[in-house]
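Visitor: generate a structure from the sequence data that follows.
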Amino acid sequence: MLRKWLPTLILTLMGLSLIAACSSAPPQASAPPTPQVIEKVVEKVVTQVVEKQVPVQQTVVVEKQVQTQRPKMTLWLSTSFTPLADELQKRYALEWANGKGVELTIVQDSATVLAPQLNAAIETKNLPDVLSWASPDWAPKLARLGLALDVTDVVQKNNAKGGGLYEPALRAVTQNGKQFAVPTYSATELFYVRKDLLAAKGLKAPETWEEVAQVAKAVTDKGKIWGYGMSLGAPSYDAEISLMSMLASYGSSPYAADGKTPNLNNEGTRQVIALAQDMWNAGAVPPDAVTWDDSGNNKAYLTGAAAMIYNTGSVLNALRKDDPDLLSKTDVVKIPKGPKGANILGYIYGLIGTSTSKNPELAKDLLSYLSDPERQGKIVEAAGTNYMPLYKDLGKAKMWEDPTNQLFIQQLAGNNAIGYPGPTTEWALEAWRTHTVTEMVNRVLVEKVSPDDAIKETEAKLVKIYQQYNK
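Guide: This is a model prediction of the structure:
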C-alpha cells in the first residue's frame, strides 16, 4: 500500500519541510532548489511520512508556495533598424534570467509603441525593472522624477573593463557625481565630399570648417551644383545636430557645463554664424535648405545637387547599395574641426534601472550582464555600423578595420551627447527638439536679424525652457 501513495507523500513532505524552514527565517529570492537539495529533502520526508502519517492533501499548497519564490521582473527593450542586434539583446536577457532563476517578462517594441506606455507607467509608478531608452530624453526624465535607479556602482565597474568607456558617454549620464543610467552604444556622423569636383579645382577634402566654406564657394556652379548641402530646416534634427557640432568646435554650446545656463553669447557662436552667412550670401548653400527635413541633405547629395554634406552612415549604405558610380567619386572623411577641435553632437544610448523595482540588486545585475563588454561587442557587431561601441577596446574588432568604418571609431572620443559640455538633460533635449539653434541661424540668414539680437533672443528661449523643467 505504501507504494501507491508514496510519490504523493514525498512531494507533500518536501513541501512541509520547506515550510518548516521558512518559519524560522524570512524567504530569500533565489534560484529554485538544485536536484541535490531535493534529493536530501525527499529522503528526510519519506521517513516523516512513514512514521507520522502526514496528510497528503497539503501537497498542492506547498507546490504553489515553492513556485512563488521565483522573483518576477520586467524588461523593456526598444527595437532598432537592426533585427539581429535586437534579437541578441533579448537572447542575453533570457540567458541571464535562466541563470538567476528569475521569471523575466520581456516587452520588445519600437519607440512609437513604448513611449505612451512609458508615460502611463510613470503616472501609475508601475515601471519595468529595467529598460533601454529609445528616445534620448527617457533617462534624464526618469532621473528628474526620482524614478531612475542610482547605477553609479555598475557604471564604475564597467569603466574598469574593455579599456574603459569614452568620457562623453560617462558625462552624458552623470549628474551631481552619480550615474543615472548605463551607457552602451552611440551614433556618430561623417562628412561626404565629391572628390572629383574638388580635384577639378585642385582642392583637397576640407579638414576645418573654414576650409568647408572656402571649398563650398569654389565648387559651386550656380543652377547646377551647390558647394555645401547645409541642413538649415527647422523640421530637421540633422540641422540642429550639425550646427551644434560646429558650435562645439568653436567652444560654444546652447548650454554651459553646469547643465543649467545658456552659453551662446560668445565669440564662438558669432564665428559660426559668420561662416554660415558667408556661404549663404555666396550662393554656395541651396536656398531651399531652410525648408529641408532630415532627408533633405541626403537627397541633395545622392542626386548630385550638393558637393558636400554632413550626415550619418545611412548615405554611405545607400551609395554602396544603389550608386557605386557616385560612391567611386566620393570621399568619406572626418567631421571638420574648429579652433577647439572636432566635436560631434550626437546620441548616447543605454539601459536604465528604475527605483520602483522590487528587486533593485537583481536589476543592477541584469544591467551589468547586458552591458558587459563581451556581450556589447557581439551586439555592436550584429548591428553593423548602426551602433558605435562605447568601450574603447571594442574599436579594435575586425569589423572596424575597413578604412571607412575606422573613421567612425576615430571620432568616438569627440562624439558628445546633446547637453555638451554638461550632462544630457530634459531641457537640453527640449531645446534640441524645438530647433533653437537652427532658428537662431535662420533669423540671421533669412530675416536679416543681427547676430547679437538673434543670440539674445535664443538665450531667452533657453532660459524659459530650463524654467519649464526646473520649477
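Visitor: got the buried residues for stretch 353-372?
Guide: Across stretch 353-372, burial judged by 16 or more other C-beta atoms under 10 Å covers 353-357, 359-360, 362-372. The way it works is simple: take the backbone N, C-alpha and C, and place the C-beta from them, glycine included.
Visitor: just the ones of those in helices?
Guide: With DSSP state H as the criterion, helices contain P360, L362, A363, K364, D365, L366, L367, S368, Y369, L370, S371 from among the buried residues of stretch 353-372.
Visitor: quick check: D365 touching K100?
Guide: Yes: the pair D365 and K100 passes the contact test of C-beta atoms under 8 Å, sitting 7.0 Å apart.
Visitor: any idea which strand is longest in the protein?
Guide: Across the chain, the longest stretch assigned as strand under DSSP state E is strand 344-353.
Visitor: what does stretch 361-369 contact?
Guide: 29, 71, 73, 75, 92-93, 96, 100, 102, 129-130, 149, 151, 153-154, 157-158, 182, 351, 353-354, 357, 375 (C-beta atoms under 8 Å, 6 or more residues apart in numbering).
Visitor: how far does it sit from the chain's center?
Guide: 18 Å (C-alpha atoms, centre = their mean, to the nearest Å).
Visitor: quick one: contacts for H435?
Guide: H435 neighbours (C-beta under 8 Å, 6+ apart): A234, P235, S236, Y237, A239, E240.
Visitor: just among those residues, which is most surrounded?
Guide: The most neighbours of any of these, using other C-beta atoms under 10 Å, belong to A239, which has 28 neighbours.
Visitor: from L77, how far off is that residue?
Guide: Using C-beta to C-beta, to the nearest Å, we find A239 at a distance of 30 Å from L77.
Visitor: D393 should be in a helix, yeah?
Guide: Yes: counting by DSSP: H, G, I helix; E, B strand; the rest coil, one finds D393 located in a helix.
Visitor: enumerate every residue touching it.
Guide: G162, G163, P373.
Visitor: let's see it at 10 Å
Guide: Contact analysis of D393 by C-beta atoms under 10 Å, 6 or more residues apart in numbering lists K161, G162, G163, G164, P373, G377.
Visitor: which residues does the fourth one contact?
Guide: By C-beta under 10 Å, 6+ apart, the contact list for G164 reads N158, L170, P373, L390, Y391, K392, D393.
Visitor: just to check, the fifth one is in contact with S186?
Guide: The one in question is Y391. No: Y391 is not in contact with S186 according to C-beta atoms under 10 Å; the separation is 11.2 Å.
Visitor: who touches both of those two?
Guide: Common neighbours of Y391 and S186 are listed as Y166, A169 (criterion: C-beta under 10 Å, 6+ apart).
Visitor: give the buried residues for stretch 240-253.
Guide: In stretch 240-253, counting by 16+ other C-beta under 10 Å, buried: 240-253.
Visitor: next one: stretch 92-103
Guide: In stretch 92-103, counting by 16+ other C-beta under 10 Å, buried: Y92, A93, W96, A97, K100, V102.
Visitor: stretch 110-130 too?
Guide: Those buried within stretch 110-130 under the rule 16+ other C-beta under 10 Å are L114, A115, L118, A121, I122, L127, P128, D129, V130.
Visitor: try stretch 322-342
Guide: Those would be L326, T330, D331, V332, V333, K334, I335, P336, K337, G338, A342, for stretch 322-342 by 16+ other C-beta under 10 Å.
Visitor: from those residues, which is closest to Y466?
Guide: Nearest to Y466 among those: G338, at 25.9 Å, using C-beta to C-beta.
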